[in-house]
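Colleague: dropping a prediction and its sequence here:
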Amino acid sequence: MDEKKEDVDQQKEVAYYAALVNAWIQTKMDRDKLLVTLSSGGIGLLVTLLSAVKIKHYWELLLYAAAVICFLVTIMACMFIFKRNSSHIEDVLCKNATQDYVLSRLDRISSYFFILGIVFSLAIGFIAALGKMS
């Protein structure tokens, strides 16, 4: 009877661990999907704002370019993450890999460039608002 209970407990632990790993992977993938979506929307917003607001100085155009480039880098990093994730999962299933440092680096790149894109976009919005006030 004790062996059967231990076997059931072990199956529960394995199922619990599998559910946690699946939730962790899904959360990471959802984060990357969200970054791609928000970055694409950020680019669309910047293009719309660029066509609606008159640029007075060349450095304003540089801010637009920097923000768009940051969002593009975010999108590209996430695309590489999507591609590399499948290979990494296959390697983990074959017991050939532990941690993928390229994936870790791409995660940091996507986060940093997304934040930079937001900062540049906020600066553009602030400048556009100041231009409307004068």
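Modeller: Perfect, I can see it now.
Colleague: now K54, what's its secondary structure?
Modeller: Assigned state for K54: coil (three-state reduction, DSSP: H, G, I helix; E, B strand; the rest coil).
Colleague: got a list of what it touches?
Modeller: Counting by CB atoms under 8 Å, 6 or more residues apart in numbering, K54 touches G131. Backbone N, C-alpha and C define where each C-beta goes, glycine included.
Colleague: S110 too?
Modeller: By CB under 8 Å, 6+ apart, S110 lies in contact with 32, 35, 73-74, 77-78, 81.
Colleague: could you point out the helix or strand that follows the helix or strand harbouring L63?
Modeller: Taking DSSP states H and E as the definition, L63 sits inside helix 58-93. Downstream of helix 58-93, the next assigned helix or strand under DSSP H and E is helix 101-133.
Colleague: return the set of buried residues in that next one.
Modeller: Within helix 101-133, the residues that count as buried by 16 or more other CB atoms under 10 Å are 103, 106-107, 109-110, 113-114, 116-118, 120-121, 124, 127-128.
Colleague: the contacts of S110: which two are farthest apart?
Modeller: Greatest spatial distance in the contacts of S110: D32 and V73, 13.6 Å, computed using CB to CB.
Colleague: chain center to the least confident helix or strand in the chain by mean pLDDT: distance?
Modeller: Lowest on mean pLDDT, DSSP states H and E among the helices and strands of the chain sits helix 2-52, with a mean of 81. The gap between where helix 2-52 is centred and where its chain is centred comes out at 11 Å by CA atoms, centre = their mean, to the nearest Å.
Colleague: let me see the contact set for the nearest residue to M79 once chain neighbours are set aside.
Modeller: Sequence neighbours aside, V36 is the residue nearest to M79 in space, at 7.6 Å (criterion: CB to CB, 6 or more residues apart in numbering). Each residue near V36 by CB under 8 Å, 6+ apart is listed here: 74-75, 78-79.
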